[in-house]
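> Sequence first, predicted model second:
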Amino acid sequence: MKKRAIEESETALQEIVRVRPENEEKKAIKTFCNEEVRRKNQSAEANAALAELRKQQKVLKAELAKHKCLMLSKEDRARFEKSCAAAGFESMPPYLRTVKTNKDASITPEVIQEGIEALTPQDISECAEGRDDAAAVLKEVILKSIRRIIRSFTETTKLMHNMPRGQTSYDTDVADLNVAETMYKSWTTDQEIKKLLASRKIDPDLNKEHSILKERVESYFIRAGITTQRIVVDAKQYKLVRRVSVRKSKIGIGQVDKMLDQVLVGLNASAFKPAEVIRSLQILITSLPPETKSSIKLCAVKADDEDDK
């Protein structure tokens, strides 16, 4: 029994030594945490100001969205030009326009199935006219069909330096004083937001050094087999936490393009069997390795956490 107790004591001691950070790891942890706290404190005030500015901007943009296309009068343009220059802002664009933007959603096996099943013989024959490469034709019509499903369009109202194509100042209404003032407030609010975001940017060299420290801290966590550790910075309690998240790989239209090169190789239009192509693409998607992301976060200790100690 005595021998067993000694062995268990030695094992426990070895475990403590393994978990305890070495001198270089201690330095990395301390420097990393001090920098994290400094960054958090520095950005706290900017974040509060940003939240307020974005709230104001949302109201202004909702007001401007009521108008399709307007331009500033010469008088208002000159007045706002002078105000922007005095405030150190970029020159204000004179035109209010509605602009269409598009966004692609992720591609799933269900989207692929829907896109291929939606194809008609006419879709294929129209694309194949005057072309000999059946595989290239099939790839093109499949991608077009998938793109139609995943793509969404939104309209946004923006201040711009040019008019819509084909439109002249004679076709464009002049903004009245109230709308012109709203345009100016929206522009200056955008400039304030841009200035605040720029103030939060960190020197690339400092970011590189911080990333190196982060890697050292993570290496220690992995070596020690831990996911969290208590840290004291400026007499305040924090938790240094390593989080690992796993999620399915996001599939874009470019990846599907490459997959189709594999699936459709040597295929001719008459041999095209939608169900087989769907199944082959879905197998390729489900066989993709999941995306694993690891991060080190410094979190403030809540009162409940203090009670649980």
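That came through, no problem.

> Report the residue spans of the stretch 201-309 of the chain with pLDDT below the cut-off.
The model of the stretch 201-309 of the chain has pLDDT under 70 over residues 269-270, 303-309.

> and Ala224, how many neighbours?
15 (other C-beta atoms under 10 Å). (Glycine included, C-beta is placed from N, CA and C.)

> how far away is it from Lys297?
17 Å (C-beta to C-beta, to the nearest Å).

> What residue, apart from its backbone neighbours, is nearest Leu60 spatially?
Excluding its sequence neighbours, the residue lying closest to Leu60 (C-beta to C-beta, 6 or more residues apart in numbering) is Ser186, at 4.2 Å.

> Gly130: neighbour count?
Per other C-beta under 10 Å, the neighbour tally for Gly130 reads 5.

> With Gln113 instead?
Neighbours of Gln113 (other C-beta under 10 Å): 17.

> same thing with the one 5 residues further on?
A count of nearby residues for Ala118, using other C-beta under 10 Å, gives 14.

> for the stretch 201-309 of the chain, what spans make up the strands?
For the stretch 201-309 of the chain, the strands defined by DSSP state E, counting those that start in this stretch cover 228-233, 236-247, 291-300.

> Quick one: closest of those to Thr108.
Of all the strands of the stretch 201-309 of the chain, strand 236-247 sits nearest to Thr108, with 13.2 Å by C-beta to C-beta.

> Next secondary structure after the helix ranked longest in the chain?
Under DSSP state H, the helix in the chain containing the largest number of residues is helix 23-64. On the C-terminal side of helix 23-64, the nearest following helix or strand under DSSP states H and E is strand 69-71.

> and the following helix or strand past that following strand, what's its mean pLDDT?
Beyond strand 69-71 in the direction of the C-terminus, DSSP H and E gives the next helix or strand as helix 74-87. Across helix 74-87, pLDDT averages out at 95.

> Packing partners of helix 74-87?
helix 177-200 (3 or more C-beta pairs under 8 Å, 6 or more residues apart in numbering; DSSP states H and E).

> Helix 23-64 and the helix it packs on, what's the angle between them?
Relative orientation of helix 177-200 versus helix 23-64 (axes from the mean of the first three to the mean of the last three C-alpha atoms, to 10 degrees): 170 degrees.

> Contacts for helix 177-200 next, please.
By C-beta atoms under 8 Å, 6 or more residues apart in numbering, the surrounding residues in contact with helix 177-200 are 42-43, 46, 49-50, 53-54, 56-57, 60-61, 63-64, 67, 70, 72-73, 76, 80, 83-84, 87, 89-90, 92-93, 96, 159, 175.

> and those, which are buried?
Listed as buried from these are 50, 53, 57, 60-61, 63-64, 67, 70, 72, 76, 80, 84, 89, 92-93, 96, 159, 175; burial here means 16 or more other C-beta atoms under 10 Å.

> roughly how far apart are the closest residue to Glu114 other than its chain neighbours and Gly115?
Nearest residue to Glu114 in three dimensions, chain neighbours excluded: Ile149, at 5.9 Å (C-beta to C-beta, 6+ apart). When distance is defined by C-beta to C-beta, Ile149 is 5 Å away from Gly115.

> Tell me which of the two has more neighbours.
Taking neighbours as other C-beta under 10 Å, Ile149 and Gly115 compare with Gly115 leading, 23 against 16.

> which residues does that one contact?
Counting by C-beta under 8 Å, 6+ apart, Gly115 has contacts 142, 145-146, 148-149.

> In helices, which of those appear?
142, 145-146, 148-149.
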